[in-house]
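Trainee: Provide a 3D model corresponding to the input given below.
(2 chains, ligands or ions: 1)
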Amino acid sequence: MRKFETLVSIAAPYNESDVDTDAIFPARFLLLLNRAGLGKHLFNDLRTPPNAKDPFVLDRPDFKQAQILVVGERFGIGSSREHAVWAMSDVGIRCVIARSFGDIFRANCFKNGVLPIALDTAQHMRVLAAANRGKPLTVDLETKLIKLSAGSDIAFDVPDQQRRALMLGQDEIGAILDEDADTIAAFEAQQKQIMPWLSVSPEPLSSFYPTHPSKDAEP
Amino acid sequence: ADHAIPTQDRARPFKDQLAAAQVRRLIENVETFGLPYVPLEDDRHGIVHIIGPELGFTLPGATLVCGDSHTSTHGAFGALAFGIGSSECETVFATQCLRQAKQKTLRVKLTGTLGVGVAIKDIVLALIAEIGTAGGQGYAIEYCGPVVSALSMEARMTLCNMSIEAGARIGMIAPDETTFEYLSDKPLAPKGVLWDEAFAYWRTLQTDDDAVFDKSVEIDVSEIVPIVSWGTTPADSLPITGTIPDPNTEADAGQRARLSKSLDYMGLTPGDRIDRIKIDRVFIGSCTNSRIEDLRAAAAVLKGRKIAKGVSAMVVPGSASVRLRAEAEGLDKIFSAAGFEWRDAGCSMCVAMNLDRLKPGERCASTSNRNFEGRQGPGGRTHLMSPQMAAAAAIFGHLGDVRQLMERAYA
Ligand code: SF4
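Mentor: Prediction:
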């Protein structure tokens, strides 16, 4: 996972509420196999041609490079699809600032190096105003502060464990292997002893390594 | 691959190129990493939640995860089973574990006797209508009580399957003689000495009499009649004898708005009789209701009858082995004679990720588990119900009470 260092970027304003993960990434693209390129379908059904009269914010030339997205309340509710976050990181979005988030979406952000920040109404309005004016924001994860070009800094909350993982660029797998590998190995050894039936024996399993026809028949 | 595969015409390459690419990638991966798997040509393939138990892979006391929210199904065996996301799957492959917060506990006790024509699906829908789609959020459910003890393994799986529709990621039942009997001849279940050891352990997996739960719900099932969903969440469910509710009688403004939007999407008017709602399609299948007992129940209603004109109906067995067993029992003939299409195993029209889907505005009587907007295809309208009720709807051409057909059958 990419390290989350201090982020300085303009922010794209999309102040809508109850945007569900289907709107962020429609189900019909879930079969796509590569995470790279998913960004093409981010907000797929809301996208517009860049020269449209009222273009979608991410289609506006001035917001194309935004690494921060400012949204409304309950952003990312609905289906657990991680594609919603993958598509965002694919277009370079590293931080989403909202009034509030859907639980699973928020958890998925942390797992994929994207920082979700929830703010109260007053601070949210300040960030939104800065975004609308095209002013860059600085998101400092170390000090948990958002710095605007004018006015006081805005403090935000992020759980310590997630903050550390983001800053180290350490994903959950890395964290578990670093901290718990020995405990896991000990547990597995013990479980093999007391519940031997859970390790399926090779004999019945052998029929599941098929010398199967589909190897030749192209699916 | 269960979600994406076609349920008819499996000639390669698949017509659906995305599905073809996904299956190809899965096969590449399992071969590269030497994982055992069941290919599509094998008589043991099917929906993951159907074949896990069939193969004896699902065992009491095991911890089992899968990248699909209906993994709660496996809780029917007293396994701790729940659905996880894509990154979590990766974590499990890499580390064999996951960091989890402990769930709260919810006991659902079912008492009384099931009425004629009432299936376990009706009980689940009644439960969800009562506690709501968020009623189980943050909880692991244990189902218990005399009704649960008397249920077959297949009915128990249907019950645990829909726990997630009540918001609970986990729904489980303590293993008992019915469980052990089911497992005794499954290919991957332990054999010989290992079975004896496992059996001794499994028998200890009972909840203590004085166990304390964070929350308890008790339902007397004697009062429950066949139920269908009318709206766009599984909690929008009512007895078939009811009428479409009026959002204006809702005190809460948010709820009022949600109901109106739901009725609008479903194309229904408050006060409409539910048993007059005309349907276009019938789908019997999905990991909720596509096991042999489900197909038998539907076939018993359809035997000697024909589906209504203008209705198109299909049965999609949950696994190839269910399909073969049904064919051995002659159920395929009953379905075909009634006018149903008899398909190959897969998720099919439960999820609009393969070629089976509703067209905009089409209304479907479905034995699946989710009736969200667009779940069975963009603009499609889903009514959830039991297999016997779906069979009855096919015959009537509208939603209807299966008990009427049963009474006629007895008369
Ligand atoms: S049948 Fe439906 S609910 Fe079950 S695994 Fe397949 S898509 Fe999911």
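Trainee: Neighbours of B:Met266, how many?
Mentor: B:Met266 has 21 neighbouring residues, counting by other CB atoms under 10 Å in any protein chain shown. C-beta here means a position set from N, CA and C on the backbone, and glycine is covered the same way.
Trainee: Could you do B:Arg403 as well?
Mentor: B:Arg403 sits with 19 neighbouring residues when counted by other CB under 10 Å.
Trainee: My read is that B:Ser216 contacts B:Thr105, right?
Mentor: No: shown here, B:Ser216 and B:Thr105 do not form a contact pair, counting by CB atoms under 8 Å, at 9.2 Å.
Trainee: These two: who's more crowded?
Mentor: For B:Ser216 and B:Thr105, the more surrounded residue by other CB under 10 Å is B:Thr105, and the numbers stand at 17 against 12.
Trainee: Next up, identify which helix or strand the nearest residue to A:Phe63 once chain neighbours are set aside is on.
Mentor: In space, A:Phe63 comes closest to A:Ala12 once its chain neighbours are excluded; the distance is 4.2 Å by CB to CB, 6 or more residues apart in numbering or on different chains. A:Ala12 belongs to strand A:11-14 when elements are defined using DSSP states H and E.
Trainee: so how far is that strand from its chain's centroid?
Mentor: Mean C-alpha position of strand A:11-14 versus that of the full chain (CA atoms, centre = their mean, to the nearest Å) differs by 16 Å.
Trainee: mind checking how far the helix-or-strand element of chain A with minimal mean pLDDT is from the chain centre?
Mentor: In chain A, no helix or strand scores lower on mean pLDDT, DSSP states H and E than helix A:202-205, which sits at a mean of 76. Between the centre of helix A:202-205 and the centre of its chain there are 40 Å (CA atoms, centre = their mean).
Trainee: what residues does that helix touch?
Mentor: With CB atoms under 8 Å, 6 or more residues apart in numbering or on different chains as the test, helix A:202-205 has contacts from B:Pro36, B:Pro187, B:Leu188.
Trainee: what about the second one, distance to A:Cys95?
Mentor: So that's B:Pro187. Using CB to CB, to the nearest Å, one obtains 50 Å as the distance from B:Pro187 to A:Cys95.
Trainee: These two: which is more packed in?
Mentor: Applying other CB under 10 Å to B:Pro187 and A:Cys95 shows that A:Cys95 carries more neighbours, namely 23 against 15.
Trainee: Quick check: that one vs A:Gly174, distance?
Mentor: With CB to CB as the criterion, A:Cys95 and A:Gly174 are 21 Å apart.
Trainee: do B:Ala338 as well
Mentor: Counting by CB to CB, the gap between B:Ala338 and A:Gly174 amounts to 56 Å.
Trainee: if I pick the residue nearest to A:Phe63, what's in contact with it?
Mentor: Each residue near A:Ala12 by CB under 8 Å, 6+ apart is listed here: A:Val57, A:Leu58, A:Phe63, A:Ala66, A:Ile68, A:Leu69, A:Val70, A:Ala131.
Trainee: Skipping adjacent residues, who's closest to A:Leu115 in space?
Mentor: Once flanking residues are discounted, A:Leu115 sits nearest to A:Cys95: 4.5 Å by CB to CB, 6+ apart.
Trainee: ok, now which ones touch B:Ile5?
Mentor: Here B:Ile5 is in contact with B:Phe14, B:Ala19, B:Val23, B:Leu40, B:Gly346, B:Asn354 (criterion: CB under 8 Å, 6+ apart).
Trainee: Rounded mean pLDDT for the helix or strand containing the third one, please.
Mentor: Using DSSP H and E, the secondary-structure element containing B:Val23 is helix B:17-32. Per-region confidence: helix B:17-32 scores 88 on mean pLDDT.
Trainee: Quick one: list the elements packing against it.
Mentor: Contacting helix B:17-32 under the criterion 3 or more CB pairs under 8 Å, 6 or more residues apart in numbering or on different chains; DSSP states H and E is no other helix or strand.
Trainee: Pull out the buried positions in that helix.
Mentor: In terms of neighbour count (16 or more other CB atoms under 10 Å in any protein chain shown), helix B:17-32 has its buried residues at B:Leu18, B:Ala19, B:Ala20, B:Ala21, B:Gln22, B:Val23, B:Arg24, B:Leu26, B:Ile27, B:Val30.
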